[in-house]
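Participant: sequence plus the predicted model coming up.
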Amino acid sequence: MQPSSREDYLEAIYKYHQEKCKAPRISELGSFMGKPDEEVESILAVLKSAGDLELHEDEILLTPRGMDMGRRIMRKHQILECFFTEMLGMEPRIASSEACVLEHDVSDETIDRLGRYITNPYTSGTFSCKRRIRAGWTCTSILDFPEGAELIVRSVSCGGNYHRLADLGIFPGEKIILVRKLNNKAVVIRAKGCDIALSPEIAGFIIVEQSE
Amino acid sequence: MKFGLIGNPNVGKSLIFQQLTGLGVEVSNYPGTTVDLMRGNVCYKREIMEIVDLPGIYSLDGDSDEEKTVRSFVQSGQADIYIAVLDASHLERNLYLLIQMAEYEKPMLIVLNMMDEAAKHGFEIDIAGLEEMFGVQVITTTAIQGKNIGNIIPKAIFSPLEPHIEVRYDHHIEAAVRSLESLYPVSRREALQSLEGLATDPDLMESADFLALEIEKIHHMSTRQIIAGNRHHCAANIAGRVIKEKEPHRYQDMDRILTTTMPGLPILFAILVFTLMTVFVIGSWLEGIIVGLFDIIIIQPFLQMGLQPFFQEIGFAALLALQAGFGIAFPFVFTFYLFISILEDSGYLTRAAFLADRFMHRLGMHGQGIIPIVLGFGCNVPAIMSIRFLKSRRERIIASFLVSMIPCSARTVIVAGIVAAFVGITAALSIYVIIFFLVIITGILLSRITPGEQYGMILEMAPLRRPILKNVLSKSWIRIKEFLYIAMPLLIIASIFLGILQYIGAFDIFQAWIEPFSTMVLGLPSYATTALIFGILRKEMALETLVILAGTADLASVMTGVQLYIFAIVSVLFIPCISTIAVLRREVGIKIAVLVSIYTLFLGIGIGALINLLIK
């Protein structure tokens, strides 16, 4: 089985579930995808053994893993299709089949940027963590790391409101150390050799990655 | 000749200022702002020169009140020579502000302070290299030991040089600056500031905003972040070139103990309780002595002079106010300031703010809000003065309500003198419990209804240092002076006003009028209500007046335990004293001051009436 057909199946099951608000049966999925039942059955068996879905009698239920994959592929498909039709003016039928091909190879990062570009091509600004999480991406703020972690700032999503963070040396690309984290999530970080105490809501705005 | 001291917070700037000027410091309001600037004079070669201690800031392009004040001070060329104070042990971060300052190209002297700390960290700084890079003179000092401070002024006067630094900004920023410079008659610095949204000319701002938007699109960062990043990069480059790091001196990480939940929180609690208890014990001891002496030396002789009754009444009222001022100010407030200065100089106060952050959030403030609350236990007046350090107006409003409800030392006198003495210790403590409960409820309520955005805490932790007695004393002295300037005139005026009312017999009329209300609602005799009114003047006067009006010091013989309890709780809660109202008006405006007074008035009477009702 091609990896792309696994993604196609998960996407289709997810989409069916979203549209009809119920789990598809094998025959229903076959007609939804326009594929013979035998092929559907054999591929579902492979997916089941891979832990992407479970079969309850005749109903196909996605596991969290399968659900996540299905949602991401569907989003990629939708964003690509939207870009092709709305912005490039392509014919919907061609746009859809092109999206079907590209959705398997395009990276999360590209889709993320493309998605933002479509919604608002003139202001891009920083990553919206909420949107990324909704779309199934992970986004780590200072609060997600343990005490003593050495981190690199990736973005400060509230940069406009808190100029002081930049003045204190907390801006994208800068290395910081998480010195203290209380159980109430107030943190102390060390930036430019100085210890700075932050409230949890501010620390949550600072998107970081573990330093290598 | 006028000097401006400029630098980050916690670099020892105020200490240098104090050592340069002595204690003759004047706190004055800078026109058009709410931030006070400290001005002082220094005499050099028989010439008097003014020094202005600008508030500690992190950036000249920031938008906090202090940063705006300093920016307009520097922009309008208020000082002839700037003295930039840097913390040598955190040189890289401090260079950021210095770079901004250097871009103004005003005559400047660089003071590298805290050379002792830098040596401890194992830093060796190439002074000549730094001088060459900025094109101005550099002087090294250790203010905490007074080392080399005397050379600052001579060196600044002798050769005031204009600094020059070329920061390499991102090429998009540079391009935008160039096009703004060609379109408008602005300098490079002004063009940069307009990109950060800080210019005033509408045409310039329109073009700058357009360019900034383009740049932000490309970089996915705000122009401020890009410019800040470039400056930090420049600072890091300079720091890398002038600092030679040696084997650092190992020192113990006290923060392991102080900023953890365990044992940090119990330590915080213990320190607060210890401070309050000590202030109270020392304060009441000193108060007894001062008030007693004042009585014998001034008040008794005055009463024996046999003036006309009207003048005697007025004079007596004024003297009483003086007595109250000195009797409260020195013993309680000064002792309290000593403790706070110790906590502040040692760097502990910022740790307390960090630990308290979460709890203060529930009350609609953040960690720094604990400082006015703690100060409030000493005296509400300095506590309200300190709320100006809170970032948003929303927090200042909430703090002004809560601080006005905190039982200050004068109110502690009432609780101790009435309830603890005549009813019992448990009852006295229960008053505190009720008040804390009300403070928390009020805080939660206000955090819901007060308009404005809640800002989080971004607070630099001051390094832990051993406080130095001389510095603690002079700091407390400057603060108590400010307190006396504000509170004293008010106390005297209010006292004279009450004296006149008493002379013309207004209180008898009031007493007759209030009688039914007083007995019905609060279950108190009418003279007790009059005593409560005197409490507005200064809180512990409620107790004194009650003793006078009751005609006996043994209050238990004229009032029941419940009445005493109600009297104490109402007088603690209702209307802050007149000096507090005055500083409230100054810090948060007349509207909030009136609201606080009305709220506490109703709260006090309401709680009193409730207790009266329940016990009946």
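Facilitator: It's in.

Participant: quick one, what contacts the residue in chain A positioned nearest to chain B?
Facilitator: Going by CB to the nearest CB, chain B is nearest to residue A:199 of chain A, at 3.2 Å. Where C-beta positions appear, they are placed from N, C-alpha and C, glycine not excepted. Residues in contact with residue A:199 (CB atoms under 8 Å, 6 or more residues apart in numbering or on different chains) are A:186, B:357, B:361, B:366-367, B:456-458.

Participant: quick check: ChimeraX command selecting the buried ones in those residues.
Facilitator: Buried residues within the contacts of residue A:199, by 16 or more other CB atoms under 10 Å in any protein chain shown, are selected in ChimeraX with:
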select /A:186 /B:357,361,366,367,456,457,458
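
Participant: can you tell me which of the contacts of residue A:199 is nearest residue B:472?
Facilitator: residue B:367 (23.0 Å; CB to CB).

Participant: residue ranges with poor pLDDT in chain A?
Facilitator: A:1, A:119-139, A:158-161, A:212 (pLDDT under 70).

Participant: which residues in it form strands?
Facilitator: Ranges of strands in chain A, per DSSP state E, are A:53-56, A:59-62, A:150-156, A:175-181, A:187-191, A:194-198, A:206-210.

Participant: same question for chain B.
Facilitator: Under DSSP E, chain B gives strands at B:2-7, B:25-29, B:36-44, B:47-53, B:81-87, B:108-113, B:123-125, B:138-140, B:243-245, B:458-460.

Participant: partners of the third one, with directions?
Facilitator: With DSSP bridges as the criterion, the sheet partners recorded for strand B:36-44 are strand B:25-29 (antiparallel), strand B:47-53 (antiparallel).

Participant: and these, which one is worst for confidence?
Facilitator: Ranked by mean pLDDT, those end with strand B:25-29 at the bottom, a mean of 51.

Participant: centre-most residue in chain B?
Facilitator: Nearest to the mean C-alpha position of chain B, counting by CA atoms, centre = their mean, stands residue B:386 at 2.5 Å.

Participant: and the closest residue to the residue of chain A closest to chain B other than its chain neighbours, what's its pLDDT?
Facilitator: Excluding the flanking residues, the one nearest residue A:199 by CB to CB, 6 or more residues apart in numbering or on different chains is residue B:456, at 3.2 Å. With respect to pLDDT, residue B:456 has a value of 78.

Participant: list the contacts of residue B:456.
Facilitator: With CB under 8 Å, 6+ apart, residue B:456 has these contacts: A:198-202, B:366.

Participant: could you chop chain A up by domain?
Facilitator: Taking automatic domain parsing as the criterion, chain A consists of the domains A:1-125, A:142-210.

Participant: next one, pLDDT for residue B:523 please.
Facilitator: 87.

Participant: hmm, stretch B:4-13 touching chain A?
Facilitator: No: Stretch B:4-13 lies out of reach of chain A by CB under 8 Å from any CB of the partner chain, never closer than 9.1 Å.

Participant: dump the domains of chain A to JSON lines, plus distance to residue B:590.
Facilitator: Shown next, in JSON lines, are the domains of chain A (distance: least, CB to CB, whole Å):
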{"stretch": "domain A:1-125", "distance to residue B:590": "41"}
{"stretch": "domain A:142-210", "distance to residue B:590": "30"}
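
Participant: skipping adjacent residues, who's closest to the residue nearest to the centre of chain B in space?
Facilitator: Nearest one to residue B:386, counting by CB to CB, 6+ apart, is residue B:372 at 4.8 Å.

Participant: so which residues on the stretch 51-200 of chain B come close to chain A?
Facilitator: Residues of the stretch 51-200 of chain B lying near chain A (CB under 8 Å from any CB): B:58-59, B:61-64, B:90, B:92-93, B:96.
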